[in-house]
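Trainee: build the 3D model from these lines:
(chains A and B)
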Protein chains: 2
Amino acid sequence: MNYKMGGMNYSFADSIQDLRTSEIRDLMSLAARPDVISFAGGMPNNHYFPLDEVDRIMAELPLDMKQKAFQYGPTPGLPFLIDAVKDYLGSKGLPVDENEILITTGSLQAINIIAKAFVDPGDVIITENPCFIGAISAFRSYRADIRPVEMDEEGIIPDKLEQAIDEAGDRLKFIYLTPFFHNPAGTLYSQDRKQYIMDLVKNRNIVLLEDDAYGELWFDEDAKKRVKPMKAILGDDSKVCYVGSFSKIFGPGMRLGWMLVPRGIYQKCELIKQSMDACSPSFTQVLAHQFVTSGKLYDYIDDVRKKYRQSRDIMVDSLKRYMPEEIEWQIPQGGFYIWFKMPGDIDATEVLKPCLNAGAVFVIGKTFDPDGVKNNCFRLSYSNAPVDKIDEGIRIIADNIRAFL
Amino acid sequence: MNYKMGGMNYSFADSIQDLRTSEIRDLMSLAARPDVISFAGGMPNNHYFPLDEVDRIMAELPLDMKQKAFQYGPTPGLPFLIDAVKDYLGSKGLPVDENEILITTGSLQAINIIAKAFVDPGDVIITENPCFIGAISAFRSYRADIRPVEMDEEGIIPDKLEQAIDEAGDRLKFIYLTPFFHNPAGTLYSQDRKQYIMDLVKNRNIVLLEDDAYGELWFDEDAKKRVKPMKAILGDDSKVCYVGSFSKIFGPGMRLGWMLVPRGIYQKCELIKQSMDACSPSFTQVLAHQFVTSGKLYDYIDDVRKKYRQSRDIMVDSLKRYMPEEIEWQIPQGGFYIWFKMPGDIDATEVLKPCLNAGAVFVIGKTFDPDGVKNNCFRLSYSNAPVDKIDEGIRIIADNIRAFL
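Mentor: Numbers count the residues shown, from 1 in each chain, chains lettered A, B, ... in the order given. Next up, the predicted model:
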């Protein structure tokens, strides 16, 4: 049956987008098999959520706040939550008074809205390669021409970035970067690389979409110093669109994120948001407000930082023990992920198959390549893996990689 | 500052969309003034939400469900909620086994996703006139060519609809209708008109987007018989995209709706949803699941039906007492709204001004006109007005209209 659909205009059978989606779905369902040790899910640990705190919030919620939780709210977000997020972002040095906050249904919606605000079909977005898959799918859904630029251990590679900017010319709409504990690369941008990016976007008058979903999850003092957002350093006259999320510091099930953007961009984004879902869930906005203003958010972040660092340590110990030297990886200083590069002729999909049979799962590299090609890499996530199974899972993966060397 | 934005390509200063948005915002802020009696908000009554029931659900929620509430869920929705919605929609006779359910962030997101799936710029969507403003803004955001068709008291007018279909030709993507207690018109489609629509879309092979946000809120047995969805009557081989919502039967703050659509449409919609917000809020999905499967949903619907009918009765009594005969309106058999037509030369905005000063507010007609022009109409909502203030508010509006006759 022909439905005369339009919009994205890609066929279901053979587009990269769809292959990726079905691959991810297969992985997700495998990852759900109880006997498989999963390093696949890019999600917080099921056991670390602040359940008791939310029980307490619910029990103490006054009647008028309960009613607000059930009712429609204003499109930009419930005013008291906007104020709380403003204080929270202000404490990171972000220019909250000179920009506007829009509460979104997760930070993916913020990324999607900004893409819709900027992109006409064929417009260029420069991303890192690898890149957060949600951003890839949002950009692609507006038929952006995504130009991925390689990363090294300090961040996106300067001369390759400038080449991409020159090639894009007038069609460049913005650069999308995840400078803090990148998904999937795990990278924390160096101070030098951040400075380079800030000079570049300032001198060349380029819009930067700065995705800070993981910045709170730093594991050491050096990392803590380096997670200051570029929007905070650049100050109030920058064209940086800053997006963040409650997903890693409260719970993804709340579906709450935000953008902090210049007023001219905000106005259009608010209209787009209004036509997308009218407002983000009031129910979870009320919970998030109580969580932030009680100060419990900060205690909780302190707590999960330690827990994720512990998982990172266990994984790193196992990797040092088992992983063949030919495989390149870095110790992440925060976040959820370690990214692995295998010799160029090894296909991660082929490695995954015996690993799955042996009981361990990860996400293959091409999932995160906007071109859907580069596949000698893979991502391990330590965030939601059972702590007592990490060592066994790493051993399985290392053993199975060895057969390909 | 020029941000080189694209996407919707309308200027902020003078587009219909923006005028409408700012007008609505003004009205919303006026409606919030405590001394003003508001018939403006198209929302459930703050005092009717099932607060105790949700307290009970939260208190009894097992640990694993709490964890699920905090975590990401699958893009289509949490499987147990999909099953519950399937049972619920199946009980209305909808062909749930032959179609797919996608849980969305409110039914507006379902409408938005379907628009994105079908519409390339310039494609035609036929709507009723007046039309739900959320749908107008969603359709417009994809640069659809919206062709509004007038309604009478039985629904959209057949010969005008056929004329619009003929004029649209190949560019027609779908017809969007709200057959049950229309927002803002209050109309419940007659059986004849429904049959006409069903024959038309079947014979001419047209996709129908059937919006059933209010169908549960019928006030009498005749209405109860007539709220059966066209998708339920047409059965499994129809090209009807059916959308609905928990907003009026649980709470809009949950931001939960659904679409029930043929598989071929579903696949594309799921991809779009995935790139928009990854998944709808797990937290409220868990609450909704408990609410539906406990059977409390049905008790709650019974209860609010009676309450909204009581408000309708009070408003109708007052209207009979005060409203000048020159003003046309119908007694609604369900839903939230009464729609008023004034003689053609009276501008609702001009009527609103003295009403506001005297302490009553409503939404002017052109808000709901896709062309943003027709303004001799207005909408009163009895759903969220204080019951003991309805009579006074209606007297104020009627008195002020009289000055224009």
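
Trainee: which stretches in the stretch 1-150 of chain A count as helices?
Mentor: Secondary structure of the stretch 1-150 of chain A, counting by DSSP state H, counting those that start in this stretch: helices at A:16-31, A:51-60, A:63-70, A:79-90, A:107-118, A:133-141.

Trainee: out of the ones you listed, which is closest to residue A:226?
Mentor: Proximity to residue A:226 (C-beta to C-beta) singles out helix A:79-90 among these, at 17.8 Å. To be clear about C-beta, it is placed using only N, CA and C from the backbone, and glycine gets the same treatment.

Trainee: what about the strands in chain A?
Mentor: A:37-38, A:100-104, A:124-129, A:145-152, A:155-156, A:172-177, A:208-211, A:240-245, A:257-261, A:337-341, A:360-361, A:363-364, A:377-381 (DSSP state E).

Trainee: now these as JSON lines including mean neighbour count and mean pLDDT?
Mentor: Shown next, in JSON lines, are these (neighbours: other C-beta atoms under 10 Å in any protein chain shown; pLDDT from 0 to 100):
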{"stretch": "strand A:37-38", "mean neighbour count": "24", "mean pLDDT": "94"}
{"stretch": "strand A:100-104", "mean neighbour count": "25", "mean pLDDT": "98"}
{"stretch": "strand A:124-129", "mean neighbour count": "25", "mean pLDDT": "98"}
{"stretch": "strand A:145-152", "mean neighbour count": "19", "mean pLDDT": "98"}
{"stretch": "strand A:155-156", "mean neighbour count": "24", "mean pLDDT": "98"}
{"stretch": "strand A:172-177", "mean neighbour count": "26", "mean pLDDT": "98"}
{"stretch": "strand A:208-211", "mean neighbour count": "26", "mean pLDDT": "98"}
{"stretch": "strand A:240-245", "mean neighbour count": "27", "mean pLDDT": "98"}
{"stretch": "strand A:257-261", "mean neighbour count": "27", "mean pLDDT": "98"}
{"stretch": "strand A:337-341", "mean neighbour count": "22", "mean pLDDT": "98"}
{"stretch": "strand A:360-361", "mean neighbour count": "25", "mean pLDDT": "96"}
{"stretch": "strand A:363-364", "mean neighbour count": "25", "mean pLDDT": "96"}
{"stretch": "strand A:377-381", "mean neighbour count": "25", "mean pLDDT": "97"}
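
Trainee: turn those strands into JSON lines, including distance to chain B.
Mentor: Below are the strands of chain A laid out as JSON lines (distance: least, C-beta to the nearest C-beta, whole Å):
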{"stretch": "strand A:37-38", "distance to chain B": "13"}
{"stretch": "strand A:100-104", "distance to chain B": "8"}
{"stretch": "strand A:124-129", "distance to chain B": "11"}
{"stretch": "strand A:145-152", "distance to chain B": "12"}
{"stretch": "strand A:155-156", "distance to chain B": "21"}
{"stretch": "strand A:172-177", "distance to chain B": "6"}
{"stretch": "strand A:208-211", "distance to chain B": "12"}
{"stretch": "strand A:240-245", "distance to chain B": "9"}
{"stretch": "strand A:257-261", "distance to chain B": "9"}
{"stretch": "strand A:337-341", "distance to chain B": "15"}
{"stretch": "strand A:360-361", "distance to chain B": "17"}
{"stretch": "strand A:363-364", "distance to chain B": "14"}
{"stretch": "strand A:377-381", "distance to chain B": "13"}
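
Trainee: now tabulate those strands in CSV and tack on distance to residue A:324.
Mentor: Shown next, in CSV, are the strands of chain A (distance: least, C-beta to C-beta, whole Å):
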stretch, distance to residue A:324
strand A:37-38, 19
strand A:100-104, 42
strand A:124-129, 24
strand A:145-152, 22
strand A:155-156, 27
strand A:172-177, 31
strand A:208-211, 32
strand A:240-245, 35
strand A:257-261, 39
strand A:337-341, 11
strand A:360-361, 16
strand A:363-364, 18
strand A:377-381, 14
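
Trainee: so which of those strands is nearest residue B:251?
Mentor: strand A:100-104 (17.8 Å).

Trainee: tell me the strands beside the closest one, with direction?
Mentor: strand A:257-261 (antiparallel) (DSSP bridges).

Trainee: now the angle from the partner strand to strand A:240-245?
Mentor: Interaxial angle, strand A:257-261 versus strand A:240-245 (axes from the mean of the first three to the mean of the last three C-alpha atoms, to 10 degrees): 170 degrees.

Trainee: any idea of the angle strand A:257-261 forms with helix A:107-118?
Mentor: Using the same axes, to 10 degrees: strand A:257-261 against helix A:107-118 is 40 degrees.

Trainee: just the CA trace of strand A:257-261, in PDB.
Mentor: Taking C-alpha atoms only, strand A:257-261 is exported to PDB below (Å, rounded to 0.1, in the frame of the first residue of the first chain):
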ATOM      1  CA  GLY A 257      16.400  18.500  29.500                       C
ATOM      2  CA  TRP A 258      17.100  22.100  28.600                       C
ATOM      3  CA  MET A 259      18.600  24.500  26.200                       C
ATOM      4  CA  LEU A 260      20.200  27.800  27.200                       C
ATOM      5  CA  VAL A 261      20.300  29.900  24.000                       C
END
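
Trainee: longest helix anywhere in chain A?
Mentor: Assignment by DSSP state H gives helix A:296-322 as the longest helix of chain A.

Trainee: what's that one packed up against?
Mentor: strand A:337-341, helix A:390-402 (3 or more C-beta pairs under 8 Å, 6 or more residues apart in numbering or on different chains; DSSP states H and E).

Trainee: comparing the helices of the stretch 1-150 of chain A, which comes out most buried?
Mentor: Stretch with highest mean neighbour count among the helices of the stretch 1-150 of chain A: helix A:107-118 (a mean of 28; mean count of other C-beta atoms under 10 Å in any protein chain shown).

Trainee: which residues in the stretch 151-300 of chain A form helices?
Mentor: A:158-168, A:191-203, A:221-226, A:230-234, A:263-277, A:282-293, A:296-322.

Trainee: make a markdown table from the ones you listed and add mean neighbour count to it.
Mentor: Listed next are the helices of the stretch 151-300 of chain A as a markdown table, based on neighbours: other C-beta atoms under 10 Å in any protein chain shown:
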| stretch | mean neighbour count |
| --- | --- |
| helix A:158-168 | 15 |
| helix A:191-203 | 16 |
| helix A:221-226 | 14 |
| helix A:230-234 | 21 |
| helix A:263-277 | 22 |
| helix A:282-293 | 24 |
| helix A:296-322 | 17 |
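
Trainee: tilt between the longest helix of chain A and helix A:282-293?
Mentor: 90 degrees.

Trainee: pull the distance from stretch A:156-169 to the chain's centre.
Mentor: Stretch A:156-169 has its C-alpha centroid displaced from the chain centroid by 22 Å (C-alpha atoms, centre = their mean, to the nearest Å).

Trainee: which stretch in the helices of the stretch 1-150 of chain A has the least confidence?
Mentor: Here these differ in mean pLDDT, and the lowest is helix A:16-31 at a mean of 51.

Trainee: contacting residues around stretch A:311-331?
Mentor: With contacts defined as C-beta atoms under 8 Å, 6 or more residues apart in numbering or on different chains, stretch A:311-331 is touched by A:45, A:153, A:186-187, A:219, A:332, A:338-343, A:380, A:382-383, A:385, A:387, A:390-391, A:394-395, A:397-399, A:401-402, A:405.

Trainee: could you work out the end-to-end span of it for me?
Mentor: 12 Å (C-alpha to C-alpha, to the nearest Å).

Trainee: residue A:86 contacts residue A:95, correct?
Mentor: No: taking C-beta atoms under 8 Å as the definition, residue A:86 is not a contact partner of residue A:95, at 10.8 Å.

Trainee: so how far does stretch A:33-45 reach from one end to the other?
Mentor: Stretch A:33-45: ends 17 Å apart by C-alpha to C-alpha.

Trainee: and it, what's buried?
Mentor: In terms of neighbour count (16 or more other C-beta atoms under 10 Å in any protein chain shown), stretch A:33-45 has its buried residues at A:36-45.

Trainee: so which bits of the stretch 151-300 of chain A are right by chain B?
Mentor: A:173, A:207, A:239, A:247, A:250-255, A:262, A:264-265, A:267-268, A:271-272, A:274-284, A:286-287 (C-beta under 8 Å from any C-beta of the partner chain).
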